[in-house]
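Novice: Here you go, sequence then predicted model.
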Amino acid sequence: MNLVVVGAQWGDEGKGKMVDYLADDADVVVRFSGGANAGHTIKVGERTFALHLIPAGIISPGKTVVLGNGMVIDPASMFEELAGIAAQGIDWRGRVVVSDRAHLVLPGYKSEDRAIDERRARPIGTTGRGIGVAYGRKASRDGVRVADLWDPVVWNSLSPSDQEWLEPFKEKLGEMKVNLASYMMGLKDKKVLLEGAQGALLDLDHGTYPYVSSGISTTPGAALGAALGPRKIDKCLGVFKAYQTRVGNGPFPTEMAGSDEELAHELRELGHEYGVTTGRPRRIGYLDLVALRYSGWINSLDGFILSHLNLYDGFENIGICTAYELDGEEIDFFPSCAADLERIKPIIKTFPGWEGKVADARSWEEIPEGAKDVVKFIEEFTGVPVHGYSVGPLRSETFMKEMPWTAS
Ligand code: IMP
């Protein structure tokens with residue numbers, strides 16, 4: 001069975017933690033998009049892992065993890081990350097597989113990425129990891145893939161300094177590389193977890209263009225970036241937070257500003273909303289159901305996983321956006337142009353707070369009644385049921401209402 005997990009908002013929804021949780025029952029975890037721009041934090045007991053390139057499944061003992069062809073890989077970052085994981089007691093050798101069609105991020109790409117963003121009239125606020133440059137070269141057919149390191153024509157076309165930089169990684173990458181389509185064919189009867197990066201609203205096609213990343217962060221990217229066909233995807237889950245965050249520039253219709261800044265500050269501190277990759281404070285906003293319904297559609301989600309609802313424990317009330325006002329008119333869809341999204345005024349519905357704590361719940365039945373009402377409203381509005389919950393940073397603070405490993 002092939003199960004996809006993506007971020008349903010602008011990333012940082014708690015995907016890494018959910019992948020780690022679901023990986024317990026998976027045979028293999030495949031990451032299908034993005035690069036070292038991603039940041040997944042996973043807490044297991046006393047240990048905290050900050051992953052950027054390596055699929056979150058690496059923390060689960062004995063699992064094989066795959067870096068798919070939809071990724072762009074900086075080998076220096078990858079081996080540095082693996083060394084860090086090893087230092088925390090995780091034996092990764094023989095468990096990390098890399099698609100030979102994945103593109104490489106070469107040394108000059110990072111500074112080029114930052115320089116391009118500085119020159120932009122509307123800077124995107126890139127993480128500066130060379131991601132846009134690598135995907136750009138891929139699209140213009142000037143990229144360098146893992147397999148190309150053994151192709152004399154491509155190798156000889158590289159600059160001497162790039163060759164010198166790549167040389168030490170060649171042997172190790174040679175042991176890890178696979179023809180991913182053949183590899184995936186061999187997993188027909190296995191449980192494969194397909195891990196997305198970033199979030200639906202940062203997707204190159206469906207996100208808030210041009211304020212997006214350069215990979216495919218929606219579920220169709222799983223079929224493409226993990227060498228499967230679309231009909232081989234059995235289930236799609238999307239993780240979302242009970243509020244909304246964004247790192248970097250770009251429109252954010254429900255951003256808490258002005259008199260709401262205090263609330264934004266409170267949620268940022270309660271939720272430790274600082275970027276794992278860059279340390280930047282995340283922008284905070286109200287949960288946006290117009291965007292979430294859009295996300296449910298473009299990802300064809302079977303179910304949501306709701307995280308961070310516990311942050312609202314003890315609040316008098318919580319606000320959720322249920323419609324937009326654009327130039328005096330009420331609209332119920334997610335506009336395509338950044339300029340329109342910038343002008344939107346969110347229409348916020350207020351829900352009463354609840355007695356009891358979502359943080360203490362370990363099953364749907366244990367969620368306080370008022371919080372259940374909020375969940376039911378979200379499900380009805382988006383047409384997507386909530387299949388699971390993350391109510392704290394620990395693996396033990398996670399539970400599913402629906403079984404993840406049964407095809408819908
Ligand atoms: P890039 O992918 O580094 O070019 O960054 C493009 C935009 O996507 C910037 O606004 C980044 O802050 C944002 N971004 C990239 N990766 C992530 C992520 O994993 N979480 C949240 N935002 C991200």
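Specialist: Yes, it's here. Small disclaimer: the values here were computed from a predicted structure and weren't measured.
Novice: Give the buried residues for the longest helix seen in the chain.
Specialist: If you go by DSSP state H, the chain has its longest helix at helix 160-176. Along helix 160-176, these residues count as buried under the neighbour rule (16 or more other C-beta atoms under 10 Å): 162, 165-166, 169, 173, 176. To be clear about C-beta, it is placed using only N, CA and C from the backbone, and glycine gets the same treatment.
Novice: For the nearest residue in space to F169 that is not next to it in sequence, give me the pLDDT.
Specialist: Sequence neighbours aside, P75 is the residue nearest to F169 in space, at 4.1 Å (criterion: C-beta to C-beta, 6 or more residues apart in numbering). With respect to pLDDT, P75 scores 98.
Novice: And for P75, the neighbour number?
Specialist: 21 (other C-beta atoms under 10 Å).
Novice: gap between it and the ligand?
Specialist: To the ligand, P75 is 18 Å away according to C-beta to the nearest ligand atom, to the nearest Å.
Novice: Surely that residue and M176 touch.
Specialist: No - P75 is beyond contact range of M176, at 10.1 Å (criterion: C-beta atoms under 8 Å).
Novice: residues in contact with the host helix or strand of K110?
Specialist: According to DSSP states H and E, K110 maps onto helix 108-119. By C-beta atoms under 8 Å, 6 or more residues apart in numbering, the surrounding residues in contact with helix 108-119 are 74, 123-126, 128-134, 162.
Novice: Looking at those, which are in helices?
Specialist: Cross-referencing those against helices under DSSP H gives 131-134, 162.
Novice: Check the burial of whichever residue of the chain sits closest to the ligand by counting its neighbours.
Specialist: Closest residue of the chain to the ligand, C-beta to the nearest ligand atom: G248 (2.1 Å). The number of residues packed near G248 is 22, by other C-beta under 10 Å.
Novice: For the closest residue to it other than its chain neighbours, give me its contacts.
Specialist: Nearest in space to G248, with sequence neighbours left out and distances taken as C-beta to C-beta, 6+ apart, is G125 at 3.1 Å. Neighbouring residues of G125 by C-beta under 8 Å, 6+ apart: 117, 211, 247-250.
Novice: doesn't V4 make contact with K15?
Specialist: No - with contacts counted by C-beta under 8 Å, K15 stays clear of V4, the gap being 10.9 Å.
Novice: Which neighbours do those two have in common?
Specialist: Any residue near both K15 and V4 by C-beta under 8 Å, 6+ apart counts here, and that gives G196.
Novice: just the strands in the stretch 201-350 of the chain please.
Specialist: Using DSSP state E, counting those that start in this stretch, the strands found in the stretch 201-350 of the chain span residues 235-241, 243-246, 283-288, 303-307, 317-326, 329-331, 345-352.
Novice: Residues in contact with the lowest-mean-pLDDT helix or strand in the chain: which ones?
Specialist: Using mean pLDDT, DSSP states H and E, strand 40-44 stands out as the lowest-scoring helix or strand of the chain, at a mean of 80. Residues outside strand 40-44 that contact it (C-beta under 8 Å, 6+ apart): 15-17, 19-20, 48-52, 56, 59, 276, 393-395.
Novice: now check that strand, is it near the ligand?
Specialist: No - using C-beta under 6 Å from any ligand atom, strand 40-44 stays clear of the ligand, with a minimum separation of 8.1 Å.
Novice: and that strand, how far from the chain's centre?
Specialist: The chain centre lies 14 Å from the centre of strand 40-44; the measure is C-alpha atoms, centre = their mean, to the nearest Å.
Novice: just the ones in helices among the contacts of helix 108-119 that are near the ligand?
Specialist: 131-132.
Novice: Pipe the ones in helices among the contacts of helix 108-119 into a markdown table and attach pLDDT per row.
Specialist: Listed next are the ones in helices among the contacts of helix 108-119 as a markdown table, based on pLDDT from 0 to 100:
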| residue | pLDDT |
| --- | --- |
| I131 | 97 |
| G132 | 97 |
| V133 | 98 |
| A134 | 98 |
| D162 | 97 |
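Novice: Mind checking which of the ones in helices among the contacts of helix 108-119 are buried?
Specialist: Going by neighbour count (16+ other C-beta under 10 Å), the ones in helices among the contacts of helix 108-119 have 131-134, 162 buried.
Novice: any chance of those residues in a markdown table, with distance to V154 too?
Specialist: Shown next, in a markdown table, are these (distance: C-beta to C-beta, whole Å):
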| residue | distance to V154 |
| --- | --- |
| I131 | 21 |
| G132 | 21 |
| V133 | 17 |
| A134 | 15 |
| D162 | 11 |
